[in-house]
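**Q** structure, please.
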Amino acid sequence: MFGRKLLIGLAVAAVIIVGYSATNVSFAKAKKTGTFKVKIENIGSPDGIATADGSKYPFALSPGLFIVNHKRQWFFNEGEKASDGLELQAEDGNPEKLSRSLLTKVGSIYMGIFNAPVGSDKPGPLLPGNSYEFSFEGTEGMKLNLIAMYGQSNDLFYAPKAALDLFDDNGNALTGDITDKFLLWDAGTEVNQAPGIGDEQAPRQKMGNTGKAENGVVGLVKDGFTYPNTKDVLRVTISAQ
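**A** As a prediction, this is how the structure comes out:
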């Protein structure tokens, strides 16, 4: 009798375990996925931004890099020195080296460069009235991070403080205007000059990586110069299908 009860008990336990495992598998397969599209618009005034000497310069954004991953993938650590890849992105608007440095950690399927304005078949900076666009597949648990240079600067760039969740706790996809997530950072690699007029800034320097070294660390820009409010020159939106 005891043996029979033991066999029945084991059978019931097996059913429970199998049911639990099946439930777990069904939950794992139930993760939501979606096709996301990001649009980065330069909404700066065509008339330009006033400089310290009274002249004006157009707001411009450089080509940049995006990452989509389950990991908390960072382009930098606040308070630490910038990597060589970040330096090239922040000083010259070139995401290639940063992309290569992250390739083995991320994988090409989760990373991409945006560099050609919509309507153009050639890479170039984003000037007023133009936009960059890119799309990717995302699943619950994944995060988005992206970076681009403030064009008329020595080593400033836009990026979120933390990668953005593509889905919230209720499974709702990230959509709408996310411009407020993007902050203006200083890579700390090159001494800052007044924006729009510095002779060692990308539009005016003789060649890349030629500015005076700062030997600082990455942090929010605090150099005493005046920069436009992000929402007045830049709009970043995301949609999901």
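**Q** what's the distance between the spatially most central residue of the chain and Ala52?
**A** In the chain, the C-alpha nearest the mean C-alpha coordinate belongs to Leu146, at 1.1 Å (C-alpha atoms, centre = their mean). Per C-beta to C-beta, to the nearest Å, Leu146 is found 30 Å from Ala52. All C-beta spots, glycine's among them, are computed from the backbone N, C-alpha and C.
**Q** ok, now which ones touch Gly176?
**A** 237-238 (C-beta atoms under 8 Å, 6 or more residues apart in numbering).
**Q** please name the bridge partners of it.
**A** Ile238 (DSSP bridges).
**Q** how near is it to Phe36?
**A** Counting by C-beta to C-beta, the gap from Gly176 to Phe36 is 12 Å.
**Q** overlap in contacts of these two?
**A** By C-beta under 8 Å, 6+ apart, the residues touching both Gly176 and Phe36 are Ile238.
**Q** and Ile109, that's in a helix?
**A** Yes. Counting by DSSP: H, G, I helix; E, B strand; the rest coil, Ile109 is found in a helix.
**Q** Asp165 contacts Asn172, correct?
**A** No. Between Asp165 and Asn172 there is no contact under C-beta atoms under 8 Å: 10.1 Å.
**Q** of the two, who's got more company?
**A** More crowded of Asp165 and Asn172, by other C-beta atoms under 10 Å: Asp165, with 15 against 10.
**Q** show me where the chain has strands.
**A** In the chain, the strands defined using DSSP state E lie at 33-42, 49-50, 56-57, 61-69, 111-114, 131-139, 143-150, 156-160, 164-165, 176-177, 182-186, 219-220, 234-240.
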